[in-house]
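Enquirer: What shape does this take:
(2 chains)
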Number of protein chains: 2
Amino acid sequence: MKLYDLDLSGNCYKIRLFLSLIGQECEIVPVDFLGGAHRQPPLSAMNPFLEIPILVDGELILRDSQAILVYLARKYGGEGWLPTEPGALAQVMEWLMAAENEIARGPNDARLHVKFGVPLDHELALVRTARILDLLEARLARRDWLALGRPTIADIACFPYVALGHEGHAPVGARAHVTDWINRIKALPNFIGMPGL
Amino acid sequence: MKLYDLDLSGNCYKIRLFLSLIGQECEIVPVDFLGGAHRQPPLSAMNPFLEIPILVDGELILRDSQAILVYLARKYGGEGWLPTEPGALAQVMEWLMAAENEIARGPNDARLHVKFGVPLDHELALVRTARILDLLEARLARRDWLALGRPTIADIACFPYVALGHEGHAPVGARAHVTDWINRIKALPNFIGMPGL
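Expert: Residues are numbered from 1 along each chain as shown, chains lettered A, B, ... in the order given. Below is the predicted model of the structure:
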């Protein structure tokens, strides 16, 4: 199994983190992202969306960090990280979708602008960040983990860009329950960090 | 089972469409969206993201159209629409994520601006629309369905806002393979339409 990876990408990091949490070996292939390697063959053929991470497992080539988490959890991670029971599965899905949508367009965009100079509406990204942080704060006031009564890939999917929020100038630390949740994830056995955490 | 619904919402429509395709009964509860009912109790407590659709099945309350599709497919739809095998499951997920991200920020945003006057960057939405339409066109040049060799919830999730693209002034009809795919979905047994299709 190979992961095409960038150390500064929160989307790549969530895959490395989950692999570590489940003790799964994987070859990490660094991608020259600033040099545009993801926009050229062979990577552009492996993922026409021109993004990383990309996971290769035998004949299978997968894009999108949330889809890759689902694959790894179902194949190597077991029921704990991604249940098959319809209601529990859907509750995990709700937060994978928040990672793909509200968190991507909030704290991820804010960080892209501040840290990497990507031209986008930083004010709008901060408004969206405040909104999803408030939603997370309210959710985590009543529970330890986002989707179920235990850590699932929902937490792993949402964690990186929330925990990296300060790099986009988002006041994540002002939310006590979000901060406690970040610390609970950092205390998981075999947790690994990334630059900025 | 109850679906809190708006007839003009593509995200609500994809749930109604899938319910019809699998022959599942569900009470449709129209929401006074223009009157802001989704921002007030009881709906605001059922979905703090203040959006519809919302699905209620017994004790379970679910938000997000993609998560709801996953729930309905796993509980009532069978393996055909959403496989459990890890690789096939992840391939469906890739396109659920495209529905949640690239299609939402492309043709959905473009339509929100043109049809409902939502203040957003319509030019940017059209650029994103062209990009995801090109990706879909390339994908569908070599296959009939987005994720697997048969229709899955990946197709149902991506279909509405692509097929409604003209309402946001997106030139969907210029893509022959996308157009053929739209027509294949429209030919599925028990297909139902919505205003604008």
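
Enquirer: secondary structure class for residue A:28?
Expert: Three-state assignment for residue A:28 (DSSP: H, G, I helix; E, B strand; the rest coil): strand.

Enquirer: which residues does it bridge with?
Expert: Beta-bridge pairing of residue A:28 under DSSP bridges involves residue A:3.

Enquirer: Tell me how many other residues crowd it.
Expert: Using other C-beta atoms under 10 Å in any protein chain shown, residue A:28 has 14 other residues around it. C-betas here are computed from N, CA, C, even on glycine.

Enquirer: which ones are touching it?
Expert: A:2, A:3, A:5, A:16 (C-beta atoms under 8 Å, 6 or more residues apart in numbering or on different chains).

Enquirer: Filter those residues down to the buried ones.
Expert: Buried subset of those (neighbour count, 16 or more other C-beta atoms under 10 Å in any protein chain shown): A:3, A:5, A:16.

Enquirer: Between the contacts of residue A:28, which sits nearest chain B?
Expert: Checking the contacts of residue A:28 against chain B by C-beta to the nearest C-beta gives residue A:3 as the nearest, at 14.0 Å.

Enquirer: Enumerate every residue touching residue A:14.
Expert: A:65, A:69, A:156, A:157, A:159, A:160 are the contacts of residue A:14 under C-beta under 8 Å, 6+ apart.

Enquirer: now it: how far from chain B?
Expert: Separation of residue A:14 from chain B (C-beta to the nearest C-beta, to the nearest Å): 13 Å.

Enquirer: what's the residue nearest the centre of chain A sitting at in phi/psi?
Expert: Centroid-nearest residue in chain A: residue A:157, 3.7 Å away (criterion: C-alpha atoms, centre = their mean). Phi and psi for residue A:157, reported as degrees, to the nearest 10, are phi -70, psi -40.

Enquirer: quick check: longest helix of chain A.
Expert: Ranked by residue count, the top helix of chain A under DSSP state H comes out as helix A:122-140.

Enquirer: What helices and strands are in contact with it?
Expert: Judged by 3 or more C-beta pairs under 8 Å, 6 or more residues apart in numbering or on different chains; DSSP states H and E, the packing partners of helix A:122-140 are helix A:109-116, helix A:153-163, helix A:176-186.

Enquirer: May I see the buried residues of the shortest one?
Expert: Of the residues in helix A:109-116, those with enough neighbours to count as buried (16+ other C-beta under 10 Å) are A:109, A:110, A:111, A:112, A:113, A:114.
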